[in-house]
Structures are given as C-alpha cells and as structure tokens.
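>>> Structure, please.
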Amino acid sequence: MYIYLTSGTPDYMETVLKKYEKENMFILYGSESTVLLHETEKKTVFASPRKFEVIDSVNQIEQKGFFVFNNIPVADEGRPLFEQRFLSRSREIEKMPGFIAFRLLRPIKSEIYIVLTQWESKQAFDSWKESNSFAKAHSKPTPELGVKKQNIFNAASYVSTYSGKLPEKK
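Predicted coordinates:
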C-alpha cells in the first residue's frame, strides 16, 4: 500500500477530490496548506506527489477529525533501527479514547518518514500527549551496556496538523 500526498488551495483540492471520488482520497485542511492524501495499491492520479510506502497500518482513515503528521528525518543507516522500533512499539495509542487510525510511512524519495495519526478531535490527541502511555512510548531506549549510542536522525522532527473538515471562515 502507498500513500501519495499533494498540496494546493482548498478549492483546487476539493475539485480533484470530486473528480476522483471513487479513489480512496482524503482532503486535510491545515493552517498553512491543504493536503490531498491518496491511499492506494495502484498508481496515483497526482502529477507530482510525495510518495510513501505504508509499512504499518491500523484502521481505516476517515474524512473527519484531527490529523497529526510527525515528520521525522531519518539517516539512511538509521532506517532499519527506526522501523524496527516503530514496528515493535507497545501499541498503547490504539487503546486511547478518540483514536481513529495510524500509518507509518516510509519515504520513497526523501529522508522524512511520517508517523500519521488520526483522532476524533484535537482534544483526544492532547489527552494522548498528556497520558502515561505517551510518556512511555516516547521515552528514550536505554542502550545496552557497551553498545555505542547511535544517532539515527538527520535533523529535528516537526509536527504538521490538519482537520478533516474545512475550517469555518471568521
């Protein structure tokens, strides 16, 4: 499975979404940009998207709620360790009230992995961030005795957030 991302104005993204309504696409509205997410086994209809392989998946993405993209730049040599850590995670997030879906996205032509989570609301995501499960999931692993600590990241991660519905105009 692959996820393709493209961005543009809300009006244009809505036009593309309507044109390809039979595709598994979702429009995500952010404060900085609007993103169209296409999840498929086939080729995308986008002209020049960012392409990711889905290497872990929980539940179906829905056109609603609050989306969080944790963008994590990972060094080439760190990819196996990064993926192994995520694939062997505790999965406590899946038990949180308001959790909808999860995707771990491996970049095809980039160094930036995306950890995508979908929530019923921003409040549900904030509750996750304040939970003991979040603290445990984000604690640094203790290196084994005699093993050199390896930095697998190329830069600091950053978070992008989106809404599954068009924000109301003020």
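>>> Phi first, then psi, for the nearest residue to residue 62 once chain neighbours are set aside.
Using CB to CB, 6 or more residues apart in numbering and skipping residues adjacent in sequence, the residue nearest residue 62 is residue 100, 6.0 Å away. Placement of C-beta: from N, CA and C, glycine included. Main-chain dihedrals, residue 100, degrees, to the nearest 10: phi -110, psi -60.
>>> Quick test: name the residue nearest the centre of this protein.
residue 116 (1.8 Å; CA atoms, centre = their mean).
>>> Secondary structure class of that residue, three-state.
strand (DSSP: H, G, I helix; E, B strand; the rest coil).
>>> ok, it to residue 22 distance?
From residue 116 across to residue 22, the span is 22 Å (CB to CB, to the nearest Å).
>>> any weak-confidence spans in this structure?
Filtered on pLDDT under 70, the chain yields the residue ranges 138-150, 167-170.
>>> Break down it into its strands, ranges please.
Assigned by DSSP state E, the strands in the chain fall at 2-8, 25-29, 34-40, 50-58, 66-73, 99-107, 112-119, 158-163.
>>> Relative to residue 152, which of these is closest?
Closest approach to residue 152 among those (CB to CB): strand 66-73, 9.5 Å.
>>> For the closest one, name the packing helices and strands.
strand 112-119, helix 122-129, strand 158-163 (3 or more CB pairs under 8 Å, 6 or more residues apart in numbering; DSSP states H and E).
>>> Just the CA atoms of the second one, as CSV, please.
What follows is helix 122-129, C-alpha atoms only, in CSV (Å, rounded to 0.1, in the frame of the first residue of the first chain):
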residue,chain,number,x,y,z
LYS,A,122,-7.7,17.8,18.9
GLN,A,123,-8.7,17.3,22.5
ALA,A,124,-8.4,13.5,22.0
PHE,A,125,-4.9,14.0,20.6
ASP,A,126,-4.0,16.3,23.5
SER,A,127,-5.2,13.7,26.0
TRP,A,128,-2.9,11.2,24.4
LYS,A,129,0.0,13.6,24.7
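>>> and the angle from it to strand 112-119?
Here helix 122-129 runs at an angle of 120 degrees relative to strand 112-119 (axes from the mean of the first three to the mean of the last three CA atoms, to 10 degrees).
>>> now what about helix 122-129, what contacts it?
For helix 122-129, the surrounding residues in contact (CB atoms under 8 Å, 6 or more residues apart in numbering) are 66, 68, 93, 96, 97, 98, 99, 117, 119, 134, 161.
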